[in-house]
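A.B. asks: Here is the input, now give the coordinates:
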Amino acid sequence: MAAHNDLGKEGEEAAAAYLQALGYIVRHRNWRSGKSDLDIVAEKDGILVVAEVKTRRNEEYGHPEDAVTDRKIRHLVASAEAYLNKFEIDLPVRFDIITAVGAKPPFRIEHIEDAFVPPIWN
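C.D. replies: As a prediction, the model looks like this:
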């Protein structure tokens with residue numbers, strides 16, 4: 001596996017541990033729907049949280065959250081809708097971004113709650 005893939009995996013592990021430490025229940029990690037996936041699906045206080053994790057060695061080329069483009073948002077929303085349907089979940093959904101910055105763990109974690117409002121649901 002390429003070094004950047006290892007870094008991304010470590011960032012996702014750190015993000016999941018961070019959420020669990022805050023009392024979130026991690027339901028799934030890397031849940032796939034077609035060609036898209038949801039990095040972390042968690043639940044807390046009756047809200048389903050879809051967290052997109054972005055890991056970077058540094059912020060030399062910009063903030064990690066800037067990599068969540070409109071196209072990525074559309075894929076996340078479609079995958080979240082598929083997730084809700086598959087597991088017959090009737091909870092409000094929140095979309096968060098978690099950034100993990102550093103060359104190796106421990107990372108500097110930033111949690112952006114309600115990072116975006118999804119476009120109109122189908």
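A.B. asks: going forward, measure contacts and count neighbours with C-alpha atoms only.
C.D. replies: OK.
A.B. asks: Looking at the protein, which helix is longest?
C.D. replies: Secondary structure of the chain per DSSP state H: the longest helix is helix 3-21.
A.B. asks: Just the buried positions in that helix, please.
C.D. replies: Residues Leu7, Gly8, Glu10, Gly11, Glu12, Glu13, Ala14, Ala15, Ala16, Tyr18, Leu19 are the ones in helix 3-21 that count as buried (16 or more other C-alpha atoms under 10 Å).
A.B. asks: Need the contact partners of that helix.
C.D. replies: Helix 3-21 has contacts (C-alpha atoms under 8 Å, 6 or more residues apart in numbering) with 25-26, 39-40, 53-56, 98-100, 103-107, 109.
A.B. asks: Keeping just the C-alphas, turn that helix into CSV.
C.D. replies: Listed next in CSV are the C-alpha coordinates belonging to helix 3-21 (Å, rounded to 0.1, in the frame of the first residue of the first chain):
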residue,chain,number,x,y,z
ALA,A,3,2.5,5.7,2.0
HIS,A,4,-0.3,8.2,1.4
ASN,A,5,-2.8,5.4,1.7
ASP,A,6,-1.3,4.4,5.0
LEU,A,7,-1.4,8.0,6.3
GLY,A,8,-5.1,8.2,5.3
LYS,A,9,-5.9,5.0,7.1
GLU,A,10,-4.1,6.2,10.2
GLY,A,11,-6.0,9.5,10.0
GLU,A,12,-9.3,7.7,9.8
GLU,A,13,-8.4,5.5,12.8
ALA,A,14,-7.5,8.7,14.8
ALA,A,15,-10.8,10.3,13.7
ALA,A,16,-12.8,7.3,14.8
ALA,A,17,-11.0,7.2,18.2
TYR,A,18,-11.6,10.9,18.6
LEU,A,19,-15.3,10.5,18.0
GLN,A,20,-15.6,7.5,20.4
ALA,A,21,-13.8,9.5,23.1
